[in-house]
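Novice: Give me a 3D structure for the following:
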Amino acid sequence: MTYVPKFCRIAVVVDDLDAFTRDAAALLGLHFVSPKLDEQFTAFSVAFGEHGLMGIQPHEELPFASQGRLIEVAMDVTSADATTDRLVAGGYQPVVTNFLPAPAANEYLFGRDFHNIPLMVCTAGDNEMQMREQGPFAELELAPLPKVGAVTLVVENMADTARDLERFFDMAFVPCDPMGLGTAGLSGAHRVRLVEGHSPFHAEFHPPLASIDLIYEDVERQRAMLEKSGFSLSERALRSGGHAYYLGSSFHNVPITLYPASADQELRGI
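Specialist: Numbers count the residues shown, from 1 in each chain. Sure thing, here's the model as predicted:
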């Protein structure tokens, strides 16, 4: 069953998009397409996939890509317009309005004044409708593995951030294991994980991005493949059984954790 609100994609800056997509296919099992809607822009190149990860390579200085690797954490909501109105009433203004021709609807990017998190507000189904102009494209919940299972964000005040996400997005949170990425954590069915406090992996973060959490049917096979390719991973035992592996930012300067599919409910605090 589709539910909203929910995380639907994450966009990060990469230095070499061709190398990033090639290596992601070979080493992470993630395959990308170039959205035709973005071909009109010469200032940057984009690659995206059903797995929920978007890479963006700027070709010139871009305001929305000037504050670090993380460009957006996109959230599906019942109505992007209604949620944006709620945010504007709360004192936040969108910095980019992106028109999607297929659904004839807007999505709205908010800046870092919201707890240092750049949030893209989307009406559920609109982005997939736009991508289906190029061919089949499943929403993240129905997409095959591997895919993004959650995004882990490090924030200064976790309670305040969760309170505002509940206020503006109706997102509920429960305590979770921060997996070494902080001293405390919160997560929820929406697949956004918040952490705060000290972490030995802090040097790997691109705040607020601590990790893009990828889920695999056979995470041990994926771990072995990465280790054979020269990557070092930090192991973490899971409450649900098995292990997660933190890759840090060694893959194209993007922090990544690998999880088994069996940990999907644990990721969401269920």
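Novice: residue contacts, Ser250?
Specialist: Contacts for Ser250 were tallied using C-beta atoms under 8 Å, 6 or more residues apart in numbering; they are Phe231, Ser232. For every residue, glycine as well, the C-beta is placed using N, CA and C.
Novice: Can you pull the phi and psi angles for it?
Specialist: phi -70, psi -20 (degrees, to the nearest 10).
Novice: do the one 4 residues further on as well
Specialist: Recorded main-chain torsions at Val254 are phi -120, psi 120, according to degrees, to the nearest 10.
Novice: Check Val46 too.
Specialist: Per degrees, to the nearest 10, the backbone of Val46 is at phi -130, psi 140.
Novice: try the one 5 residues further on
Specialist: Recorded main-chain torsions at His51 are phi -70, psi -10, according to degrees, to the nearest 10.
Novice: Give me the neighbour count for it.
Specialist: If you count neighbours by other C-beta atoms under 10 Å, His51 ends up with 24.
Novice: what's the closest non-adjacent residue to His206?
Specialist: Arg69 (3.9 Å; C-beta to C-beta, 6 or more residues apart in numbering).
Novice: any idea whether Ser232 is helix, strand or coil?
Specialist: coil (DSSP: H, G, I helix; E, B strand; the rest coil).
Novice: Ok, Ala19 next?
Specialist: helix.
Novice: List the contacts of the closest residue to it other than its chain neighbours.
Specialist: Nearest non-adjacent residue to Ala19, counting by C-beta to C-beta, 6+ apart: His252, 7.3 Å away. His252 sits next to Val14, Asp15, Asp16, Ala19, Phe20, Asp23 when contact means C-beta under 8 Å, 6+ apart.
Novice: lowest-pLDDT helix or strand in this protein?
Specialist: helix 264-267 (a mean of 89; mean pLDDT, DSSP states H and E).
Novice: show me where pLDDT drops low in the chain?
Specialist: 1-3 (pLDDT under 70).
Novice: how about the nearest residue to Phe137, chain neighbours excluded?
Specialist: Closest to Phe137 by C-beta to C-beta, 6+ apart is Met131, at 3.9 Å.
Novice: Distance-wise, check the one you found relative to Phe41.
Specialist: 16 Å (C-beta to C-beta, to the nearest Å).
Novice: Please apply the same query to Pro207.
Specialist: For Pro207, the distance to Phe41 - C-beta to C-beta - is 27 Å.
Novice: the more surrounded of those two?
Specialist: Pro207 (17 against 11).
Novice: Enumerate every residue touching the nearest residue to the more buried one once chain neighbours are set aside.
Specialist: Excluding its sequence neighbours, the residue lying closest to Pro207 (C-beta to C-beta, 6+ apart) is Val154, at 5.7 Å. Under the criterion of C-beta under 8 Å, 6+ apart, the contact partners of Val154 comprise Leu181, Gly182, Leu194, Val195, Glu196, Ser199, Phe205, Pro207, Pro208, Leu209, Ala210.
Novice: Just say helix, strand or coil for Met120.
Specialist: Quick answer, by three-state DSSP: Met120 is strand.
Novice: please renumber so the chain begins at 36
Specialist: In the new count, where the first residue is 36, that last one comes out as Met155.
Novice: surely it meets Ala109?
Specialist: Yes: between Met155 and Ala109 there is a contact under C-beta atoms under 8 Å: 3.9 Å.
Novice: which residues do those two both contact?
Specialist: Arg44, Ala46, Glu142.
Novice: Break this structure into its domains for me.
Specialist: What automatic domain parsing lists as the domains of the chain is 41-175, 179-302.
Novice: now the end-to-end length of the last one.
Specialist: When the termini of domain 179-302 are compared using C-alpha to C-alpha, to the nearest Å, they are 17 Å apart.
Novice: ok now stretch 55-75, how far from the chain's centre?
Specialist: 15 Å (C-alpha atoms, centre = their mean, to the nearest Å).
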